[in-house]
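1. I would like to see how this sequence folds:
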Amino acid sequence: MSTSIKRYPNKEHNQPTERICRTLDLRDNPELIAEYRRRHSREAIWPEVPAGIREVGILEMEIYLLDTRLFMIVDIPAGLDWDAAMEQLANLPRQQEWEDYMAIFQLVKPGSTAAEKWLPMERIFHLYEPDKE
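-> Numbering: from 1, shown residues only. Coordinates of the predicted model:
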C-alpha cells in the first residue's frame with residue numbers, strides 16, 4: 001500500500017443513495033486557507049451547521065481541498081429533492097450567518113447561499129457496469 005495516498009472509508013447507509021458533487025474556489029491566500037480549514041474542524045465548526053445538514057436529509061458530506069479548489073461529495077437518500085433540501089437549509093437558524101462567515105475565504109458573491117456558492121460538477125466517467133446504474 002502506498003503511503004503517499006490518503007485513503008478515506010466510505011460510510012454504509014443501508015438504503016439506496018445518490019451522490020452529488022459540487023465545487024467552489026477559495027481566495028489564493030495561504031493564511032485564509034489555513035483559517036478556512038480550522039473553521040471546518042470538529043473543534044471550531046458551529047454545531048448548528050452539521051445538525052442542519054443532517055436535518056435536511058443529507059446522509060454524508062465530505063469536502064476535499066487541493067490548493068484553492070474545494071470539492072464536495074454529498075450522499076443523499078435516493079429521490080431526495082435537492083433543491084427543496086437546499087432551500088430548507090438556507091432558512092435554518094444561523095445557516096446564512098455561517099455562509100456569510102465563510103464567504104471571506106471564498107470566491108463568491110456576498111450574501112450567497114450554499115446552493116449558490118457550490119457549483120454542480122458533471123460526472124464524465126464512471127466504472128460501473130451499464131446495467132447497474
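2. Glu55 against Pro93, yeah?
-> No. With contact defined as C-beta atoms under 8 Å, Glu55 does not reach Pro93; the gap is 10.5 Å. All C-beta atoms are positioned from the backbone trio N, CA, C, and that covers glycine.
3. comparing these two, which residue is more hemmed in?
-> Using other C-beta atoms under 10 Å as the criterion, Glu55 and Pro93 rank with Glu55 on top: 13 against 9.
4. can you tell me the closest non-neighbouring residue to that one?
-> What sits nearest to Glu55 in space, not counting adjacent residues and going by C-beta to C-beta, 6 or more residues apart in numbering, is Leu92, at 6.8 Å.
5. which residues sit in contact with Val74?
-> By C-beta atoms under 8 Å, 6 or more residues apart in numbering, the residues touching Val74 are Arg19, Ile20, Cys21, Arg22, Ile58, Glu60, Met61, Glu62.
6. what kind of secondary structure is it in?
-> Recorded secondary structure, Val74: strand (DSSP: H, G, I helix; E, B strand; the rest coil).
7. what helix or strand does the residue lying closest to it once chain neighbours are set aside sit in?
-> Closest residue in space to Val74, ignoring its immediate chain neighbours: Ile20 at 4.4 Å, by C-beta to C-beta, 6+ apart. Counting by DSSP states H and E, the element that carries Ile20 is strand 17-25.
8. packing partners for the helix or strand just after that strand?
-> Downstream of strand 17-25, the first helix or strand assigned by DSSP H and E is helix 30-39. Secondary structure elements in contact with helix 30-39, counted by 3 or more C-beta pairs under 8 Å, 6 or more residues apart in numbering; DSSP states H and E, are helix 95-103.
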